[in-house]
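Participant: Mind folding the following:
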Amino acid sequence: MVFNKESNSHYPGCYADLKRSSCNLTTAREVIPTQYSEGFCCSCKMAVNIERQMHDCHGQSRFKHVIHAKNALNEDIEMLISRMVNNIDSDDEIIAEVANNTESSHTHKEQIRGGQNCDSTNTPEYIDEAYRYHESSHCLEFSDLWYKVNKLESASYHHSVTISIYEKYTRDDTIPRYRKIVSKVKLSNNNQTYENDETNVEAKYVALTFGDDQYYSLDINSDRILIPEKMSSLVELHNPQSIDDPKKYLIVNEKNISIKGDECNKVGVSYEAFFKQYNRCGVKRSSCLNNQPSHLWKHDMDAIESETPGRYFLENFVKFPQDTNTNIVQNINGTETLNLHYELDYTSELFIHKETNYNSILSTRSLIEIVEIYSDATKSDQTKIVAAIYNIGMKAELFQVQLLEFPLHPKQNSTQIQSRDVYIFPFHRHNHIFNLNGPLIKSNINCTLRVLDKWNKVMAWRHVLISEANRCFCVWNCECACTTIEDQLFASNCITMSQKAYNGAGFRGAKPQMSTLDSISKLNIIKLIFIFLSSFFIIKFLISIMYKMYE
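Facilitator: The predicted structure is shown next:
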């Protein structure tokens, strides 16, 4: 704050001692005045200001060196120092040129910092000491908003998972059911074990490792977090930066913070720094008070409006938890904790142990194989087809057997025959029989037999051959082969079906490789003939020898 004869109608003059300080009288906030809270006075005479500052600072001033180096007289001090101060001679709006170097007054039109008119020398009658009236009073007033400076400690990590466990079982209607046995249990690196009331389910969380590329955007050694203290709602109206928003906490390097408050233009300027600042009356108003929290807050708010990156808000350095219900700042055992989002690699394991006295199906996938098909058309007015269907799944299922492309009686337009639902238990075989009445229209018919599930999805298919007056067999991986009524012989050679037909019938994997029976049987016959002839000649040779011996 600045008080002078122009700003106050009943200005009493500047007093810069603790007992009569203009600052303490005006602010009336200190019961016992603090050292340096009295502020300082700025005269229109530069030499007076320099002499006072040298006295107040016990000679610790850059002006002292100038005075002794130049060996200057008092009337020249003002001129010498004015050349050393930045912007004194160039700022015409605030400082006027010296009227005459040879004159002794050496006054300016306005005082640089105080702004009072230096040409006016009129003094009211109630003023005892006229020179005080023409000096400005400079006071430091602290804001109602205060910040707590927080030092960062080593980071700790928190990771949690919420588990619910369901037990699956099936009933006769084949619809899977689920029974909840564990509901929304939260495990973390702080709460690693769980056991239910029945003690038949145990869960354990195990934290393993972090990725190799972990890093921190905040330096725990040098960065400090400035958090505004809580204030009344009335004060918050005048100080929007006091709203408790963790995203707007300030990150400031410790080098830019003055803990003792004895350095200018750093966070934490105190009465002492303000009082002892260099050339305090030769610089513009508000000097020494830059880089305060209010300035940093405004800088980043302006950056948000202009959509440019900020430099001080916490949200510019970290990511916050995605869960809006998470408290970003928590007090844990008397320690303020900042909860942030960690997005790099992190590995953990979850072990769940459960009693296995109830076995449930792990997979409900239906698996069907059409292992054999037998067709009998030896009767002229009736055809019989038998299909051997094997359920290799792990649960009982409903199936339908469908015969396609079978030419029925000419009076019927349909060529499709479908059975009713068939219930097949796991790892059980079912022989389904079609009895078709009426003569065959063709002597040889190729049909397709399909097995459908309860959703009419094709589970397996296989071609079947129907030959008039013959019986045909389609077995395992062999194509259909037929017999005749005359010889009733069944061809022993197996012609393997294609890979597509093999998998279509429900068989898994690659079709087996069949050995050639003809080549094997012929080789065996040759071997037998060779053995027989060899044995015959050996026996004949032995008999002839024995006959000669008896002769």
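Participant: Quick one: the helices in the chain, in order.
Facilitator: 22-27, 46-56, 62-70, 74-84, 130-133, 233-238, 271-276, 293-305, 499-504, 517-550 (DSSP state H).
Participant: hey, least reliable of the ones you listed by pLDDT?
Facilitator: In terms of average pLDDT, helix 62-70 trails the rest of the helices of the chain, at a mean of 41.
Participant: How many neighbouring residues does the residue nearest to Q192 when sequence neighbours are not counted have?
Facilitator: Once flanking residues are discounted, Q192 sits nearest to Y205: 4.5 Å by CB to CB, 6 or more residues apart in numbering. In this view, the C-beta of every residue, glycine as well, is placed from N, C-alpha and C. As a burial measure, Y205 scores 21 neighbours (other CB atoms under 10 Å).
Participant: same check, this time on T383
Facilitator: Residues near T383, counting by other CB under 10 Å: 21.
Participant: shouldn't it be in contact with L403?
Facilitator: No. The pair formed by T383 and L403 falls short of the contact definition of CB atoms under 8 Å, at 10.5 Å.
Participant: what residues are shared contacts of the two?
Facilitator: Residues touching both T383 and L403 (CB atoms under 8 Å, 6 or more residues apart in numbering) are F434.
Participant: Now do Q330 against F530, distance only.
Facilitator: As judged by CB to CB, to the nearest Å, Q330 and F530 stand 95 Å apart.
Participant: Give me the distance between the two termini of stretch 273-280.
Facilitator: Stretch 273-280 stretches 10 Å from its first residue to its last (CA to CA, to the nearest Å).
Participant: for stretch 380-398, same thing?
Facilitator: Start-to-end, stretch 380-398 (CA to CA) is 34 Å.
Participant: avg pLDDT for that stretch?
Facilitator: Mean pLDDT, stretch 380-398: 90.
Participant: and it, which residues are buried?
Facilitator: Within stretch 380-398, the residues scored as buried using 16 or more other CB atoms under 10 Å are 383-385, 387-393, 395, 397-398.
Participant: Now flag whichever of the residues you listed is closest to W146.
Facilitator: Top of the list for closeness to W146, among these and by CB to CB, is K395 at 70.7 Å.
Participant: residues touching the residue nearest to Q192, list them.
Facilitator: 161, 187-189, 191-193, 348-350.
Participant: Hmm, P293 is touching G268, no?
Facilitator: No. Using CB under 8 Å, P293 is not in contact with G268, being 9.2 Å away.
Participant: Report how many residues lie close to T324.
Facilitator: 6.
Participant: ranking the contacts of Y205 by neighbours, who comes first?
Facilitator: Tallying neighbours with other CB under 10 Å puts L187 at the head of those, with 20 neighbours.
Participant: For stretch 454-467, what is the distance to the chain centroid?
Facilitator: 50 Å (CA atoms, centre = their mean, to the nearest Å).
Participant: Next: stretch 535-550.
Facilitator: That offset, for stretch 535-550, works out to 98 Å (CA atoms, centre = their mean).
Participant: just stretch 184-192 next, same as before
Facilitator: How far stretch 184-192 lies from its chain's middle: 19 Å, per CA atoms, centre = their mean.
Participant: So, low pLDDT: which residues of this protein?
Facilitator: Regions of the chain meeting the criterion pLDDT under 70 cover residues 25-31, 58-108, 170-175, 209-215, 356-364, 408-415, 485-492, 514-522, 547-551.
Participant: excluding its backbone neighbours, what's nearest the residue nearest to the spatial centre of it?
Facilitator: What sits nearest the mean C-alpha location of the chain, by CA atoms, centre = their mean, is E343, with 4.9 Å. Of all residues not flanking E343 in the chain, K319 sits nearest, at 6.5 Å (CB to CB, 6+ apart).
Participant: Name all residues that make contact with that neighbour.
Facilitator: With contacts defined as CB under 8 Å, 6+ apart, the neighbours of K319 are 340-341, 343.
Participant: If we only consider the residues you listed, which is nearest to V422?
Facilitator: Closest approach to V422 among these (CB to CB): E343, at 55.1 Å.
Participant: Could you find the closest non-adjacent residue to Y423?
Facilitator: Using CB to CB, 6+ apart and skipping residues adjacent in sequence, the residue nearest Y423 is L398, 5.7 Å away.
Participant: N327 now?
Facilitator: In space, and not counting its chain neighbours, N327 is closest to N339: 6.6 Å by CB to CB, 6+ apart.
Participant: in the stretch 401-550 of the chain, which spans are strands?
Facilitator: 416-418, 422-424, 428-437, 444-452, 458-467, 471-475, 481-482 (DSSP state E, counting those that start in this stretch).
Participant: Which one of the ones you listed lies nearest to T308?
Facilitator: strand 458-467 (62.8 Å).
Participant: Tell me what angle that closest one forms with strand 428-437.
Facilitator: With axes from the mean of the first three to the mean of the last three CA atoms, to 10 degrees applied, the angle from strand 458-467 to strand 428-437 works out at 50 degrees.
Participant: Pairing partners for strand 458-467, with directions?
Facilitator: Strands adjacent to strand 458-467 in the sheet, as given by DSSP bridges, are strand 444-452 (antiparallel).
Participant: centre of the chain versus the strand it pairs with, how much separation?
Facilitator: The chain centroid and the centroid of strand 444-452 are separated by 55 Å under CA atoms, centre = their mean.
Participant: do the same with stretch 339-352
Facilitator: So, by CA atoms, centre = their mean, the centroid of stretch 339-352 is 10 Å from its chain's centroid.
Participant: tell me which residues in it are buried?
Facilitator: By neighbour count, with 16+ other CB under 10 Å as the criterion, the buried positions of stretch 339-352 are 340, 342, 348.
Participant: Just to check, I495 is in contact with C480?
Facilitator: No. Checked against CB under 8 Å, the pair I495 and C480 is beyond contact range at 9.1 Å.
Participant: Which one of the two is surrounded by more residues?
Facilitator: More crowded of I495 and C480, by other CB under 10 Å: C480, with 20 against 11.
Participant: Filter the buried residues of stretch 380-398 down to the ones in strands?
Facilitator: Mapping the buried residues of stretch 380-398 onto strands (DSSP state E) picks out 383-385, 387-391, 397-398.
Participant: Can you add distance to V182 and give the residues you listed back as TSV?
Facilitator: Compiled in TSV, those are given as follows (distance: CB to CB, whole Å):
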residue	distance to V182
T383	58
K384	56
I385	52
A387	46
A388	45
I389	40
Y390	38
N391	33
E397	30
L398	33
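Participant: how about the closest residue in space to S154 that isn't next to it in sequence, what does it touch?
Facilitator: What sits nearest to S154 in space, not counting adjacent residues and going by CB to CB, 6+ apart, is I220, at 6.5 Å. Residues in contact with I220 (CB under 8 Å, 6+ apart) are 152-155.
Participant: do that again at 7 Å, thanks
Facilitator: Counting by CB atoms under 7 Å, 6 or more residues apart in numbering, I220 makes contact with 152-154.
Participant: Kindly report the same for I389.
Facilitator: So I389 contacts 368, 370, 424, 430, 432, 451 (CB under 7 Å, 6+ apart).
Participant: Specify the beta-bridge partners of it.
Facilitator: Beta-bridge partners recorded for I389 (DSSP bridges): I370, H430.
Participant: what's the distance between it and T496?
Facilitator: As for I389, its distance to T496 is 21 Å (criterion: CB to CB).
Participant: go on, Y166?
Facilitator: Distance from Y166 to T496, by CB to CB: 45 Å.
Participant: Tell me which of those two has more neighbours.
Facilitator: For Y166 and T496, the more surrounded residue by other CB under 10 Å is T496, and the numbers stand at 15 against 11.
Participant: for the more buried one, which residues make a bridge with it?
Facilitator: C478.
Participant: That one contacts N477, doesn't it?
Facilitator: Yes. Between T496 and N477 there is a contact under CB atoms under 7 Å: 5.5 Å.
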